[in-house]
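**Student:** Mind looking at a prediction? Sequence and model below.
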Amino acid sequence: MSASDQPKDGKKISKTSDKAKAAPPRAGGTRPPPAGARKGPPGGPPARRAPTSRPRGPREDYPTVQAFVAIGANLGDAEASVKAAMAAIGALQRTTVTARSSLYRSEPVDAEGPDFVNAVVAVRTGLDAEQFLVALQRLETQAGRERPFPNAPRTLDLDLLMHGNSVMDTPTLTLPHPRMRERAFVLKPLAEIAPDKVPRAALARVTGQVVKRIV
């Protein structure tokens, strides 16, 4: 700095860029609108930010009840059929499997053919009892179930045991299942996943029926 540039009081002069000096002050302290904001009319209310759309998933707040389904098969690969039925029930509309019993082997009762493989599943379903029964019967048909004569061997047998607190007796459906407490192949797997649903006296009455846990 030359002597001519030196102020008399001895203080240094800070140099400011021409660009900074040329920038005019903002009137009224206004700020530029944020990105994505809509431009409002001059002198009008401040612009509002455009709403952002959010993807919405499927609603699952429908009411459900607890239900129990007995599963049996004694044709073909019965074990595989029972396991596949468990998965198929869980894939039904508004239905979720909440518990699965072990697999059991039993001699036919009121039926013919080789030994049965049996199990019971607990579900939560938003289907009413009649709708749920129709869905189960559809699964039986898809599994190749035929009814050539009463008590014929079965590729798949699905019995609706209980549906919430429903008590009904119609030409197509009786709830609770009228013979569930007479069959060890129903009571034993049911007691495994829902012991509160099986009275000890009912289990005692079917001790003579041979049912073996296999898986």
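**Tutor:** Cool, the structure landed. Quick caveat, the model's predicted, so the values are computed rather than measured.

**Student:** So, low pLDDT: which residues of this protein?
**Tutor:** 1-61, 145-153 (pLDDT under 70).

**Student:** hey, where'd the strands end up in it?
**Tutor:** For the chain, the strands defined by DSSP state E cover 65-73, 95-100, 104-106, 116-125, 157-163, 168-169, 174-175, 211-213.

**Student:** Format these as CSV; extra columns: mean neighbour count and distance to Ala191.
**Tutor:** In short, each C-beta sits where N, CA and C put it, glycine included. Converted to CSV, the strands of the chain look like this (neighbours: other C-beta atoms under 10 Å; distance: least, C-beta to C-beta, whole Å):
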stretch, mean neighbour count, distance to Ala191
strand 65-73, 23, 11
strand 95-100, 16, 12
strand 104-106, 21, 11
strand 116-125, 23, 9
strand 157-163, 22, 12
strand 168-169, 10, 24
strand 174-175, 16, 19
strand 211-213, 15, 11
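
**Student:** In CSV: the ones you listed, plus distance to Met86.
**Tutor:** Listed next are the strands of the chain as CSV, based on distance: least, C-beta to C-beta, whole Å:
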stretch, distance to Met86
strand 65-73, 7
strand 95-100, 6
strand 104-106, 14
strand 116-125, 6
strand 157-163, 10
strand 168-169, 25
strand 174-175, 21
strand 211-213, 16
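
**Student:** among the ones you listed, which is nearest Ser81?
**Tutor:** Ser81 lies closest to strand 65-73 among the strands of the chain, at 4.1 Å (C-beta to C-beta).

**Student:** Partner strands of the closest one, with direction?
**Tutor:** Partners of strand 65-73 in the sheet, by DSSP bridges, are strand 116-125 (antiparallel), strand 157-163 (antiparallel).

**Student:** nearest to Thr172, of these?
**Tutor:** Across these, Thr172 has its closest neighbour in strand 157-163 (10.6 Å, C-beta to C-beta).

**Student:** got the end-to-end distance for stretch 166-179?
**Tutor:** Terminal residues of stretch 166-179 are spaced 16 Å apart (C-alpha to C-alpha, to the nearest Å).
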